[in-house]
Each structure stands twice: as structure tokens, then as C-alpha cells.
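Enquirer: Sequence first, predicted coordinates after that:
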There are 2 protein chains.
Amino acid sequence: MSGWVKIAGLGPGNEDLVTPEVSAVLAEATDIVGYIPYVARVAERPGLTLHASDNRVEIDRSQHALQMAAEGKRVAVVSSGDPGVFAMAAAVFEALENGPAEWRNIPIDVLPGITAMLAASARAGAPLGHDFCAINLSDNLKPWSLIEKRLRLAAQGDFAMAFYNPRSKSRPEGFVKTLEILREECEPERLILFARAVSRGDEAIRISTLAEATPDMADMQTVVIVGSSLTRVIERNSTPIVYTPRFTPAKDQE
Amino acid sequence: MSGWVKIAGLGPGNEDLVTPEVSAVLAEATDIVGYIPYVARVAERPGLTLHASDNRVEIDRSQHALQMAAEGKRVAVVSSGDPGVFAMAAAVFEALENGPAEWRNIPIDVLPGITAMLAASARAGAPLGHDFCAINLSDNLKPWSLIEKRLRLAAQGDFAMAFYNPRSKSRPEGFVKTLEILREECEPERLILFARAVSRGDEAIRISTLAEATPDMADMQTVVIVGSSLTRVIERNSTPIVYTPRFTPAKDQE
């Protein structure tokens, strides 16, 4: 079998954040599979077929990729960010596990990329500079009760937090509840960052506090980062820097 | 002022995982500052001065970088992985916050990189494919009681977990305690991965369970990943795949 599947992370949007490893795979592939806006980032060329599909068909898309690889194609499944963080890698493995036994002979690699929360953290300073959690706020695939439980435990552990998929038109209430939960668990001055379209032309970073944050500050293009109790702002003449110190005094936590 | 500081992530080791953004900055810099093995990854060239320093002098190194930038140098501070994840970005901002006021005029950027846990996750499959925490197990800069608290809360929230700095010669007991805590909070079959030197020539990935894991499976070159209760293995003729499904059934968590 000469076919393969490589699940490749395209990073947050800027081409300067695509790794050489991923660029090489895009140049070798015969077929590109992915969500429409991510496939649109791959340049057309002779010998390459682009298969763009809509959101929420991740398993169909994964089965298609595996089937083409079983037929000898070199298939790149593209995700924004890192494919292993709330993206296509887990979907491909679900399809593999539940698919025909012969699919288990297909060479499959995951190629990491710059995930949105780390691009956002870099742009703001280093708000994820100490222990942190990454939570997907979508309740499409898990019960809301589990999201609430994780939010409360993460706050009680004084982790910084990064939220993916904070808010969509079909789920406007989840982020409203998220802010309510955080206000119960954290002090009003707690820093919260809204990082939209990081590294792209329409990038916007907004620094707020839990007291002042409103649900409409987030949409599906936004990664939200909540600081720990120690996260702080350095004021400058240019944009302020938000960072979480490496040092936690014993008295703060005992 | 023409100087600047760019805090750049070199990724986990393989040059194919260095972003073009970082490569361009290394080519523009007049000075490279960092821990000895990371500075050694930057090629020497005329006009470039390498300043390699030992571990545990992060603040001295940061002050040196900021001072050189204030004098007009173009300074790249290099970290392995992502500089915002348990690396140099927070140290530079600590030095900036506590340094002379004029340092706040220095242009400072953080350039993200592929962090070790995401390189390790990609190599193993997608064990961080759903909600997860990143925890630094070193108690050099925070009390052990806080580490223990975060481990228990992360386990109770059924997060997957990634551990940086799991074990050093000067702190052999921390990872022993970590495994004891996890065995109290999680079932014996819980998957645990030891990913050493990912993307480098001596890479080694070991899949184990909490029941079978021993402290000597980790060292300072290792990232440890603990799955959630749903993390699973797909057996193949070649290396097995470890992944965390996207879907959490309501009955498992209510």
C-alpha cells in the first residue's frame, strides 16, 4: 500500500506560522481533505484534488480520507491550528477504530501546528505562562454539566484557562453561563482576554476583567483566555502585556 | 530606539518544526540569548553573537536581553518548544516589570512554537484531543501543595493531563508522589504516556497504565501525558495509536 493519511495543522492563519514539515506534506499530497475555509488555504496545483466539506461532517470526511488512502492516494487532512487540539485528529481515529480492519494498515501521521490558544497567548504576552487548562465550550459532543464541572474545578485549582469554541449562533447561552460560573468562582478583577482571528488581517485582542466582560465579546473566531489569580498587566506606551508569573508564593495557596 | 527583543520558540528539536517566522527572526538578530542547548541550535554567522547561559538563571538572562535591546541590539531570546509554555516569555516579562522604566519602550514580541506536549500528543495519536491541563511538576517556583491540589482537581474533572519537568536528579520524589496521587484519583487502567526527546534522533514513546507506570520512566527530557477516563488505544500491526474521543456520553459523567 503506497497511500497514506497525514493530519496536518495549518496554524492560526498566517502562512509564516505553518511548519516546514506541513508545507512539505502539502506539496507531496494527491488529495486535501478538510473544512471549506481550511482547504481554501492550500494552493491549487496540477495533480492535487481539493475536497472541501462543511462543518460538522468530521466523521464522513475522515472516512473519505481513509478510503482514499486505502486506494493508494496520499491524503492530507487539514485542520486550523493543531490537529490534536479540538480538531481533526481525534475524528480520524474514531473513523479508523470503527472502520474496516484493513484501514489499520494505512500509515497515519499527525503533524502538529501552532494552536490558537498559544498564538493568542504569544500575542498578548504570556497569560498561559504557568499551569493552564484548555476547554472546548461547545456542548455538541458532551453534556453541559461536564463543562460546568470542569470550569469550576479549573477555577478552584487556580489554573489559567483557554476556551475554544466559546460561542456560536446556535449556542448563544453557553458563554453567558460560563461567565456566570467564573464570576461565582473568581474575583471580579480576574483578567480575561478575547483574542479574535489571531495572526490574520482582522486580528483583535481585547483585555477585560470578569466584572466587565460581556458575552458578545466572543464569537466562534475567538479564543478566550482567563488568567489565574496571579495573572497581571504591564502597562506601556504601546499595547499592554498580560502575563502569568512563574513564581507562586506559598502564602497565596496554602 | 532600533533594538528589539523577540522571544522565539524553537519547537521540540527537529528543524522541520521551526516556523518560518522564527527562522526569519534568527536571521535578523544581532544577539541570541538562551539556555546552552537551545542556543546551540542556532547556526553561527558573521554579525551574530551567541550568549549561552546555564539553567536557572532565567531572570539574569532576561535582564541581559532587555539591556542589550535598550542599547540598540536585535535580540532573540530562544526557548525550546513554545516560549509561553513553562519557558522564557514569563521570565522576560518579570524582568521587564521589575526593571528600569525605559525598558517599557522596547518592542517585544513572543513568537509561538510547537510545544513539547503537542508534539508528543501528535506522535502518539491524539491523547490531548479533548479538554486537558498542562502542569509543571517542578516545585522550584511553587509549593508542592499547589501541585498536589491541581493534580487532584484535574483528575476529578476527568481532564487529560500533560506534565512538564516531571523529574530531575534534584527532585526525584515529586514524580513518585504524582503517581501515588493519580492512583488514588484514577482507575488502574488509566493510560499514561512517556514521550522522551520527541522529534529528535533519540525519540522514545512508551505507552503504559497507572498500574504499571514506574517513576524511572520519566526524566527531564520527558513529557508525560495522562489520558482522561475515555482515552483509548487502537491496536495496529505498526505502533498503536492513543487518542481521546471528541464525544463524551452523558451517562459517563452525570
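Expert: Happy to help now that I have it.

Enquirer: which residue packs closest to A:I135, ignoring adjacent ones?
Expert: Closest residue to A:I135 apart from its sequence neighbours, by C-beta to C-beta, 6 or more residues apart in numbering or on different chains: B:D131 at 4.9 Å. For glycine as for every other residue, the C-beta is placed from the backbone atoms N, C-alpha and C.

Enquirer: Give me the pLDDT value at that neighbour.
Expert: pLDDT, B:D131: 98.

Enquirer: do A:S168 as well
Expert: In this model, A:S168 is scored at 82, pLDDT.

Enquirer: And it, how far from B:K142?
Expert: 36 Å (C-beta to C-beta, to the nearest Å).

Enquirer: More neighbours: which of those two?
Expert: B:K142 (22 against 16; other C-beta atoms under 10 Å in any protein chain shown).

Enquirer: Just to check, that one is in contact with A:T244?
Expert: No: applying C-beta atoms under 8 Å, one finds B:K142 not in contact with A:T244, separated by 11.5 Å.

Enquirer: Now do the strands in chain A.
Expert: A:4-9, A:31-35, A:49-53, A:74-79, A:108-111, A:125-126, A:132-136, A:160-164, A:191-196, A:204-209, A:222-226, A:232-234, A:241-243 (DSSP state E).

Enquirer: Would you mind finding the most buried of those?
Expert: Most buried of the strands of chain A by mean neighbour count (mean count of other C-beta atoms under 10 Å in any protein chain shown) is strand A:125-126; its value is a mean of 30.

Enquirer: quick one: strands adjacent to that one?
Expert: Strand A:125-126 has its sheet partners listed here by DSSP bridges as strand A:241-243 (parallel).

Enquirer: near chain B, which residues of the stretch 151-254 of chain A show up?
Expert: Within the stretch 151-254 of chain A, the positions adjacent to chain B are A:153-154, A:156-159, A:232, A:234-238, A:241, A:243-248, A:250, A:253-254 by C-beta under 8 Å from any C-beta of the partner chain.

Enquirer: are any of these buried, and which?
Expert: A:153-154, A:157-159, A:232, A:234, A:236, A:241, A:243-246, A:248, A:253 (16 or more other C-beta atoms under 10 Å in any protein chain shown).

Enquirer: Spatially, which two of the residues you listed are the most separated?
Expert: Of all pairs drawn from these, the greatest distance, 34.7 Å, lies between A:L153 and A:R236 (C-beta to C-beta).

Enquirer: shared neighbours of B:K142 and A:T244, which are they?
Expert: When contacts are counted by C-beta atoms under 8 Å, 6 or more residues apart in numbering or on different chains, B:K142 and A:T244 are jointly contacted by A:H130.

Enquirer: and which of the buried ones among the residues of the stretch 151-254 of chain A next to chain B is nearest B:A120?
Expert: Distances from B:A120 to these, taken by C-beta to C-beta, are shortest for A:F159, at 20.0 Å.

Enquirer: Looks like the closest one contacts A:S228 (just checking).
Expert: Yes: if you go by C-beta under 8 Å, A:F159 and A:S228 touch, sitting 6.4 Å apart.

Enquirer: can you give me the helices in the stretch 1-150 of chain A?
Expert: A:20-28, A:36-39, A:58-70, A:88-98, A:116-124, A:144-156 (DSSP state H, counting those that start in this stretch).

Enquirer: got a list of what the closest residue to A:G157 other than its chain neighbours touches?
Expert: Using C-beta to C-beta, 6+ apart and skipping residues adjacent in sequence, the residue nearest A:G157 is B:L153, 4.0 Å away. Shown in contact with B:L153 (C-beta under 8 Å, 6+ apart): A:153-154, A:156-157.

Enquirer: In these, find the pair that's most separated.
Expert: A:A154 and A:Q156 (7.4 Å).

Enquirer: rewinding a little: pLDDT for the contacts of B:L153 - can I get that in CSV?
Expert: As requested, the contacts of B:L153 are exported to CSV (pLDDT from 0 to 100):
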residue, pLDDT
A:L153, 98
A:A154, 98
A:Q156, 98
A:G157, 98
